[in-house]
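Chemist: Following is a predicted model, sequence given first.
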Amino acid sequence: MAAIIEAEGLGIRFVRNRRRQLRLRELLIHRGRRNADAGRFWPLRDVSFRVEPGETVGVVGRNGTGKSTLLRLIAGVLIPDEGRIRVRGAVAPLLELSAGFSNDLTGRENLYLVGGLHGLSTAYLRKHFDEIVSFAGEQVERSVDTSVRHYSSGMKVRLGFAIIAHLPHPILLMDEVTAVGDAEFRAKCYATIERLLAEGRTLVLVSHNEKDLTRFCRRGLYLDAGRLTVDGTIDEALRAYAGASPR
Ligand SMILES: Nc1ncnc2c1ncn2[C@@H]1O[C@H](COP(=O)(O)OP(=O)(O)OP(=O)(O)O)[C@@H](O)[C@H]1O
């Protein structure tokens, strides 16, 4: 079977302190030429793995080891500097849930805007409008014709989740999504994720929450300082994470 996500020798380079200005001394010594490697580092390097359709993969590791960077590479938001990432299918990014919202527009207008940005047709959104808004909850339902500037951050996240959860895309990317919202909304998120996984979607979940990881994922990737050091079951990845010595 063809992999739905395939990374080969994947690496990306960032620049620390991007806003650092050249000091006068550097200008005189280097005549304005900055050292090309100054401040550059690889948050992720030499990462290879394959994900088959329907697999549920948890990504674990300490803070700053490249987990979110890996999600962004899968989502196509970042372009690798080395190797390649191939994704066969559309991606539903349950990442920054209120991303793309315009504060000047109402909830209704944002629903069409963000849904459209994710490739949903106006006809589809019109048909599922009530369902999406009702999923987002009573508060959003009542304020659907109010500018989202006046929404609480929780209301924006609910509407964002409701839209993304309606995408038919085969790949779900999540970054601690269940950390947001109140208990009732979290229960709704869990039930939705379970329904989507039962439909055979592929999941890549970045999380520090062991319960979420073991609930949703069978497979685990453990990243250590930007390198993929364990690719096994979620239990194996969590054991490696637990056993990692603090730095
Ligand atoms: N746009 C950027 N420019 C420069 N450095 C960045 C950028 N985004 C992230 N970094 C750095 O890259 C490294 C990896 O970041 P990343 O967010 O992928 O880590 P993470 O494993 O998801 O961390 P956490 O568990 O804290 O969410 C970190 O050192 C971070 O500071």
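Modeler: Nice, I can see it.
Chemist: Grab the nearest non-local neighbour of the spatially most central residue of the chain.
Modeler: The centroid of the chain falls nearest to Leu95 when counting by CA atoms, centre = their mean (3.9 Å). Excluding its sequence neighbours, the residue lying closest to Leu95 (CB to CB, 6 or more residues apart in numbering) is Asp175, at 5.2 Å. C-beta: built from backbone N, CA, C; applies to glycine.
Chemist: Am I right that that neighbour is in contact with Thr69?
Modeler: No. Counting by CB atoms under 8 Å, Asp175 does not reach Thr69; the two are 10.9 Å apart.
Chemist: These two: which has the busier surroundings?
Modeler: Neighbour tally, Asp175 and Thr69, criterion other CB atoms under 10 Å: the higher count belongs to Thr69, 22 against 18.
Chemist: where along the protein do the strands fall?
Modeler: Secondary structure of the chain, counting by DSSP state E: strands at 5-15, 40-51, 56-60, 82-87, 91-94, 171-175, 202-206, 219-224, 227-233.
Chemist: Can you give me the buried ones in the fourth one?
Modeler: Neighbour-count burial for strand 82-87, with 16 or more other CB atoms under 10 Å as criterion, is recorded at 83, 85, 87.
Chemist: Repeat that for stretch 192-212.
Modeler: So, applying 16+ other CB under 10 Å, buried residues of stretch 192-212: 192-193, 196-197, 201-207, 212.
Chemist: same check, this time on stretch 150-166
Modeler: Residues of stretch 150-166 classed as buried by neighbour count (16+ other CB under 10 Å): 151, 154-166.
Chemist: can you pull the contacts of the closest residue to Leu125 other than its chain neighbours?
Modeler: Closest residue to Leu125 apart from its sequence neighbours, by CB to CB, 6+ apart: Gly115 at 4.6 Å. By CB atoms under 8 Å, 6 or more residues apart in numbering, the residues touching Gly115 are 124-125, 132, 163, 166.
Chemist: Let's see that with 10 Å instead.
Modeler: Gly115 sits next to 100, 121-122, 124-126, 128-129, 132, 162-164, 166-167 when contact means CB atoms under 10 Å, 6 or more residues apart in numbering.
Chemist: Show only the entries of these found in helices.
Modeler: Members of the contacts of Gly115 lying in helices (criterion: DSSP state H): 122, 124-126, 128-129, 132, 162-164.
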